[in-house]
Every structure is written in C-alpha cells, then in structure tokens.
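1. 3D, please:
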Amino acid sequence: MGLFSFIKGQFIEVIEWVENTDSLVYHFPAYDHAIKMGAQLTVREGQAAVFLNEGTVADVFGPGRYELHTQNMPVLTALKSWKFDFNSPFKADVYFMNTTIQTDQKWGTSNPVMMRDQEFGIVRARGFGNYSFKIKDPALFMREILGSQESYSPAQLNGFFKTMIVSGLSDLLAESSIPVIDLAMHYDELSEQAAAKLEPKFGAMGLALAGFVIENISLPEEVERVIDRKSSMNITGNLDQYLKFQTAESIREAANNPGGGLAGAGAGLGAGMAMGQMVNQMMSAPGAKPPEPPAKETEPAKAEAVLCQQCGHGLKAEDKFCVECGTARPERRFCSECGNPLAAGAKFCSSCGTKA
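-> Residues are numbered from 1 along each chain as shown. So this is what the prediction gives:
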C-alpha cells in the first residue's frame, strides 16, 4: 500500500456508506483492516452495519451515529481482552447492508408445470409474477449467504429464488385442486398462501418475503382451443341468435367472394337455416323424436269413406260386401248437374244443391 494510504489510515475514520448502487452489501475499505478506537460510524435509515472480528460476526449496528468504544461494543470486547483500553487499532471488517425492500423481482416457470385437472385431465401450465424481499437478520444473512464476498446484488439470488418459488407454487396448486378454468379468480388467495408457504425458507437465510404476486397462470394452446370451443357451444345454445349470426357471416363472406356470387351464398344460407330450424325443434322438446316427413300420396285423392247402409260399418275401397252384415256395397252416385260425388243417403248435392 502507498504512503498516502498509510498516513490516511492513522487518522480517525468516518465509517459510512453513501454510494448509490444496486448492491445489497458494501464492504468498507479500511486501511489494513485496522479501525481506530473512537472512529465515527454513521448508519443511515435502511442500512445495518455488521462488524467482523477475524471472520466472526461481532456486532450489528442499526441506524444512528456511533463513536466506537468498548461501551458500545460489548460483544466485540468479549471476544478479545484488550489490555490497553483500545489505544491501539484493532483488526475488523465492516459490512454495510441494505435493509430496504427490494421490489419488482420477477419469477416465472422456465418449464411447464404438470397439473391434474378434474375436467381436462393432465395439463401443462406456466406461471409468472413478481415478489419483493428485504434483509431482516443481517448477521444470519452474512453467515448463510454473503460469506466473504465484497458485494451482493438481488440478481445473484433470483436464480435460486425462482427454483424455490416454482417448487412451492407447484405443490400448492396440486394441493388446492382448483380447476384450471377457475384459477384466475383465486390469484389473490393463492398469492397469500404461497407467501405463507415460502416465508420460512426466506427466514432461514436472514431474509423476509415482503410480497408475492401471481400475475398469470397460462395453459397450453390446445387446452385453450378446447375451452374456446366449449364457450362457443354455450353461446350457440340460443339458436335464434346463432342463426342471425350465421346469416350476417354468410352475407359478409359472399361480399368478400365475388366469384361465388349471391346464389351460392343463398344456397348455403338456406341449408344452414333449415338445419338450424331442425336442431331448434329437437332441442325445444328434449326426448321427442324429430317429425317424420309426410308420406307421398300415390293417388290423386282418397275417396270419401263409404258406410254400409244396413249396419253403418265402414267399407274399404276393394270391399264389394259389408264384412259385418254381408249387405251389398251401395252404388256410387254423382250429381246430375255438376258431377260431384254424392254421399250415401244424400238427398241434395253438397256442391250445387241440386236434388239427388
């Protein structure tokens, strides 16, 4: 080290951290790791100062201004028996830690998470969101995470946190048994439950989980297409509105397809409307059979039923005698004026009124 550094190290230090960085930790560069008794320590709000003696955490100072003496360093005093009332410098390292909340830390699933859904079976889901944390126990964070590193940034923790968050969230989703379609309405509840599940793991490293948010849990495209088709089926439950929609779509397609013309559109529209009416009839009467088409008539018109004059029994067209009493079939009569067939026993023509 240079002469200037040596001379500077003989004066009483002002130990503080004023640099504006994204680092969580700042190692104060004391000359030869020697700190004079009576040195002025300034710890600002949102900071904590950790003193290390020969690699061991000795004291932790919160926000405030301190003049280093044995009276305000009882732990460090107990570590060593200072015979000269600290007139000589002692070896120590000072680490400042940022205890403010580190916000907008991103998390996301690098690979899909397998889930079992009651309706769709096994599906693959992806999720993402953000979280925030802060250093709660500087001494524990020093022992578990920092070690002897000069600085530490939130980015160095993100990889480990993502794995821990995805693992905990996957376990939570499996235990909740919430249908994938209803996940969106449970984001707040799942976020709170995930935070409670992850908090002990953060606490074991001297950290506190200040917030956890699930922004979205998305499904594969094929599952989303099935959901879209099911939504379309639910919408088309009103066939009247569906037919109106189909009519508008057919007109639009005909306008965009000059080669097909309105004739093709009309034919397709007519077939669609006929099919829609048939389906509508089937759906309006559950369990009812669709109406049968009318039978084709092979004769121009069926003759009026003929009754036996003796017993009144109905006679078929091929019967010459009554099957009940054996009376001969009455001869068919016609009106002499208009030629209209006369019913058996009729005294006047039903068409023109002429006497039979």
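2. hmm, who's touching stretch 190-198?
-> 129, 164-165, 168-169, 171-173, 176, 178, 183, 209, 211-214 (Cβ atoms under 8 Å, 6 or more residues apart in numbering). Placement of C-beta: from N, CA and C, glycine included.
3. narrow the residues you listed to those that are buried.
-> Among the contacts of stretch 190-198, those classed as buried by 16 or more other Cβ atoms under 10 Å are 129, 165, 168, 169, 172, 173, 178, 183, 209, 212, 213, 214.
4. any stretches of the chain with poor pLDDT?
-> Screening the chain residue by residue with the criterion pLDDT under 70, one finds the ranges 1-12, 30-34, 69-91, 231-246, 248, 254-255, 258-305, 344-345.
5. domains in it, by residue range?
-> Taking automatic domain parsing as the domain assignment, the record places the domains of the chain at 3-98, 102-219, 307-356.
6. any idea how far apart the tips of the last one sit?
-> The reference is to domain 307-356. Distance between the boundary residues of domain 307-356 (Cα to Cα, to the nearest Å) amounts to 18 Å.
7. swap in the longest one?
-> With Cα to Cα as the measure, the ends of domain 102-219 fall 30 Å from one another.
8. i'd like the first residue to be 314 from this point on
-> Got it, the first residue is 314 from now on, which makes the last one we talked about domain 415-532.
9. select the longest strand from this structure.
-> strand 434-448 (DSSP state E).
10. that one: which residues count as buried?
-> 436, 438, 440, 442, 444, 445, 446, 447, 448.
11. ok, the fourth one to residue 372 distance?
-> In this structure, residue 442 and residue 372 are 38 Å apart, going by Cβ to Cβ, to the nearest Å.
12. between the buried ones among the contacts of stretch 503-511, which sits nearest residue 621?
-> Out of the buried ones among the contacts of stretch 503-511, the one with the shortest distance to residue 621 is residue 491. That distance is 78.7 Å, counting by Cβ to Cβ.
13. touching, the closest one and residue 497? I think so.
-> No: taking Cβ atoms under 8 Å as the contact criterion, residue 491 and residue 497 are not neighbours in contact, 10.0 Å apart.
14. now the helices for the stretch 464-613 of the chain?
-> When secondary structure is read from DSSP state H, counting those that start in this stretch, the stretch 464-613 of the chain shows helices at 468-489, 500-516, 534-548, 552-569, 574-597.
15. in the stretch 314-463 of the chain, what residue spans correspond to strands?
-> Under the criterion DSSP state E, counting those that start in this stretch, the stretch 314-463 of the chain contains strands at 327-328, 338-340, 347-348, 353-356, 360-366, 369-374, 377-380, 403-404, 406-411, 415-421, 426-430, 434-448.
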